[in-house]
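Colleague: predicted model and sequence follow; I will ask about them next.
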Amino acid sequence: MIPDRPILVVGAGGHAKVVVATLRACGLAIDFVVDDDPAKQGREWLGLRVQAPASHLQGRSAVLAIGDNRLRAQFARRCETTTWISAVHPQAYVDPSATIGPGSLVFAGAIVQPGARVGRHVIVNTGATIDHDCSVDDFVHVCPGVHLAGAVHVGEGTLLGIGSVAKPGVSIGAWCTVGAGAAVVTDLGEHCTALGVPAKPADPKRG
């Protein structure tokens with residue numbers, strides 16, 4: 001969907017720089033940026049002015065440029081009248097049979113293959129691949145260079161660290177953290193941190 005007026009970007013951090021670049025590459029006009037950090041408000045950032053969130057989002061079209069999954073979920077859930085825009089960088093590939101939910105972003109070099117389902121407010125970061133028939137639930141962050149083989153399921157809010165991989169058919173529970181470079185070869189339950197090759201849940205007692 002192409003909005004009928006310039007959109008707002010929520011967040012003015014490092015992740016938001018890539019979001020803005022993606023929106024501009026898609027030819028989408030940006031009105032201004034909102035951020036709750038007083039130190040950023042009133043300044044110009046990437047050629048855009050930064051304002052306090054206040055009521056600017058009500059009834060507007062916007063994109064959440066917040067990398068933290070929990071914060072992104074909290075913000076989305078309290079802005080009921082906002083229309084969330086999804087965007088796919090022109091140098092990414094999304095098969096026509098795949099679905100991308102509202103507010104989700106697919107960055108340059110990423111690939112989403114046939115039958116894959118990407119939920120709401122998902123980040124498919126630079127160079128990541130999501131293969132056929134994968135299911136990626138809401139508020140997931142698929143970091144740069146992640147590779148999901150076919151029919152992988154990723155639960156809500158999970159962070160897949162940079163360069164991690166998952167073999168065909170595995171299920172990763174909600175609100176997990178998969179460490180950078182980890183290889184998920186067996187199912188993971190919810191709320192765990194998995195590290196290594198093969199990826200195993202970390203012992204919380206070891207810190």
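Modeller: Great, that's in hand.

Colleague: and the nearest residue to residue 29 once chain neighbours are set aside, how far from residue 40?
Modeller: For residue 29, the nearest residue in space outside its immediate sequence neighbours is residue 6; the separation is 4.0 Å by C-beta to C-beta, 6 or more residues apart in numbering. Heads up, the C-betas are built off the backbone N, CA and C, glycines and all. Applying C-beta to C-beta, to the nearest Å, the value for residue 6 to residue 40 is 19 Å.

Colleague: OK, contacts around the residue sitting nearest the centre point of the chain?
Modeller: For the chain, residue 123 is the residue whose C-alpha lies nearest the centre (C-alpha atoms, centre = their mean; 1.5 Å). Contact partners of residue 123, counting by C-beta atoms under 8 Å, 6 or more residues apart in numbering, are 15, 67, 104, 105, 107, 140, 141, 142.

Colleague: one more: residue 16?
Modeller: Neighbouring residues of residue 16 by C-beta under 8 Å, 6+ apart: 9, 33, 65, 66.

Colleague: would you mind measuring from residue 150 to residue 127?
Modeller: With distances taken as C-beta to C-beta, residue 150 is found 18 Å from residue 127.

Colleague: just the ones of the contacts of residue 123 in helices?
Modeller: When helices are assigned by DSSP state H, the members of the contacts of residue 123 inside them are residue 15.

Colleague: return the per-residue confidence for the nearest residue to residue 196 once chain neighbours are set aside.
Modeller: What sits nearest to residue 196 in space, not counting adjacent residues and going by C-beta to C-beta, 6+ apart, is residue 182, at 5.9 Å. At residue 182, the model reports a pLDDT of 98.

Colleague: got it, and the one 4 residues further on?
Modeller: pLDDT, the model's per-residue confidence, is 97 for residue 186.

Colleague: how near is the nearest residue to residue 43 once chain neighbours are set aside to residue 9?
Modeller: Setting aside the residues directly before and after it, residue 43 is nearest to residue 50 in space (C-beta to C-beta, 6+ apart), at 5.4 Å. Remark: distance between residue 50 and residue 9 (C-beta to C-beta) = 9 Å.

Colleague: show me which of the two is the more surrounded one.
Modeller: Neighbours were counted for residue 50 and for residue 9 using other C-beta atoms under 10 Å; residue 9 has more, 25 against 20.

Colleague: go ahead and confirm residue 9 touches residue 33.
Modeller: Yes - in this structure residue 9 lies within contact range of residue 33 using C-beta atoms under 8 Å: 4.7 Å.

Colleague: which residues do the two both contact?
Modeller: Residues touching both residue 9 and residue 33 by C-beta under 8 Å, 6+ apart: 16, 20, 48, 65.

Colleague: show me the domain layout of this structure.
Modeller: Structural domains assigned to the chain are 7-84, 87-199, following automatic domain parsing.

Colleague: weakest of these in terms of mean pLDDT?
Modeller: When those are compared on mean pLDDT, domain 7-84 scores lowest, with a mean of 92.
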